[in-house]
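**Student:** Everything below, folded, please.
(one chain, ligands or ions: 3)
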Amino acid sequence: MAEQAIVDSLGRQLHDLRVSVTDRCNFRCVYCMPKEVFGRGYQFLAKKELLTFEEIERLVKIFAGLGVRKIRLTGGEPLVRSELENLIERIAAVDNIDDISLTTNAVLLSEKRAQSLRSAGLGRVNISLDALDDETFKAINDVGVPVKKVLDGIEAAASAGFDSVKVNMVVKRGMNEDSIVPMARYFHGTGQILRFIEFMDVGNTNAWHDNAVMTAQQIVDVINAELPIEPVEANYLGEVAKRWKYTDGGGEIGVISSVSEPFCGDCSRARLSAVGKLYTCLFAADGFDLMSLVRSESSDVEIEQRLRKLWARRRDRYSETRTVESVLRPKVEMSYIGG
Ligand code: SAM
Ligand code: SF4
Ligand code: SF4
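**Tutor:** Ligands and ions are numbered 1, 2, ... in the order given. Predicted coordinates for the structure are as follows:
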């Protein structure tokens with residue numbers, strides 16, 4: 001309810017919560033979980049270290065009381081966590097949560113799975129796909145998964161009748177800039193919105209360098225040269241993707257300019273890791289240990305009060321203040337908080 005909503009020290013209201021349900025993934029995307037770090041010997045979290053569905057449900061209820069309306073489930077790869085439908089049903093039953101979405105690489109998104117997720121109450125799905133040719137895509141996911149597997153997942157999502165199915169493509173110079181136009185052409189006219197994401201310096205293991213960033217403007221220029229586009233008004237305040245539409249009526253695309261044109265001023269998101277740490281910025285070094293609170297004697301009211309204080313103190317605006325030094329600072333890994 002509006003009167004209970006909380007505002008941080010820069011006037012930003014808490015509205016969205018991203019929940020990472022696992023740190024595990026069936027991909028090893030070179031820009032997210034490089035094999036040199038996340039190889040065979042890597043120690044992933046044990047089941048008992050993860051927040052249980054009951055604990056996540058309890059926290060979602062508390063967050064809903066603080067103004068959160070949107071929940072996005074992510075990972076690692078969220079579909080590797082068993083019985084995710086059970087969590088979705090629990091979240092869907094929480095008062096005031098009016099949007100539940102999922103970000104996935106879609107490898108486990110069969111038609112049956114898509115339908116069961118939909119029936120459980122999942123509203124929207126974002127599927128990650130960074131190229132349309134197998135050679136490039138396999139070099140990115142680094143586990144040999146062909147493009148067709150993900151395209152099948154996109155089809156499964158489309159037939160399950162979700163409110164929206166979007167496709168996310170991270171663009172990294174030297175990795176997949178040649179895939180921008182083929183991807184645009186493929187999704188042109190399908191009704192599935194393709195969103196291009198600038199490569200970000202999340203975590204410390206992906207060897208980020210600003211030379212590898214293809215900016216939103218550069219991406220727009222490449223597309224516009226082949227398939228003319230024009231800007232469209234944002235749907236709502238704080239929408240992270242800038243919208244563009246094809247002038248021939250072939251639908252729209254989004255471009256997320258987190259590096260070249262940051263949007264910290266409207267950032268209404270908190271992120272809950274699989275071990276129950278709460279991050280108020282994607283680039284934070286550490287999070288607030290909610291798991292300990294949840295597993296203590298603390299009441300919901302006590303947890304709510306701690307969260308109010310935490311959000312009221314929030315001053316994060318990393319992307320607006322990024323420097324050569326800040327890029328090297330310790331930061332949480334993407335596979336822990338899921339984007
Ligand atoms: N495994 C799921 C997936 O890939 O969709 C969910 C988690 S993944 C971390 C969420 C999103 O973050 C994906 O779309 C992925 O491409 C994106 N991502 C990961 N590392 C990134 C980076 N360094 N810069 C920009 N986006 C990144
Ligand atoms: Fe896994 Fe998603 Fe990271 Fe790729 S981007 S390694 S699919 S968590
Ligand atoms: Fe939000 Fe941090 Fe990203 Fe800025 S850098 S938009 S504060 S998550």
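
**Student:** Report how many residues lie close to the residue lying closest to Asp210 once chain neighbours are set aside.
**Tutor:** Nearest residue to Asp210, sequence neighbours excluded (CB to CB, 6 or more residues apart in numbering): Val259, at 7.6 Å. C-beta coordinates here come from the backbone N, C-alpha and C atoms, glycine included. As a burial measure, Val259 scores 19 neighbours (other CB atoms under 10 Å).

**Student:** low-confidence ranges in this protein?
**Tutor:** For the chain, applying pLDDT under 70 flags the ranges 1-4.

**Student:** Determine if any part of the lengthiest strand in it is in contact with ligand 2.
**Tutor:** The single longest strand within the chain, with elements called by DSSP state E, is strand 164-171. No: with CB under 6 Å from any ligand atom as the criterion, ligand 2 is not reached by strand 164-171; the gap is at least 7.6 Å.

**Student:** what's the offset of that strand from the middle of its chain?
**Tutor:** Relative to its chain's centre, strand 164-171 lies at 10 Å (CA atoms, centre = their mean, to the nearest Å).

**Student:** Which residues does the helix or strand following it contact?
**Tutor:** Counting by DSSP states H and E, the element after strand 164-171 in chain order, helix or strand, is helix 180-187. Defining contact as CB atoms under 8 Å, 6 or more residues apart in numbering, one finds that helix 180-187 is touched by 129, 131-133, 167, 169, 171, 193-194, 196, 219, 222-223, 226-227, 251, 253.

**Student:** Swap in 10 Å and give it another go.
**Tutor:** For helix 180-187, contacts defined as CB atoms under 10 Å, 6 or more residues apart in numbering pick out 129-133, 136, 147, 151, 154, 166-167, 169, 171, 176, 179, 192-196, 214, 218-220, 222-227, 229, 246, 250-251, 253.

**Student:** Just the CA atoms of it, as PDB, please.
**Tutor:** Written as PDB, here are the backbone C-alpha positions of helix 180-187 (Å, rounded to 0.1, in the frame of the first residue of the first chain):
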ATOM      1  CA  ILE A 180      23.000  -8.000 -33.800                       C
ATOM      2  CA  VAL A 181      21.400  -7.700 -37.200                       C
ATOM      3  CA  PRO A 182      20.600 -11.400 -37.700                       C
ATOM      4  CA  MET A 183      18.900 -11.400 -34.300                       C
ATOM      5  CA  ALA A 184      16.900  -8.200 -35.100                       C
ATOM      6  CA  ARG A 185      15.800  -9.800 -38.400                       C
ATOM      7  CA  TYR A 186      14.800 -13.000 -36.800                       C
ATOM      8  CA  PHE A 187      12.500 -11.500 -34.100                       C
END
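
**Student:** next helix or strand past it?
**Tutor:** strand 193-198.
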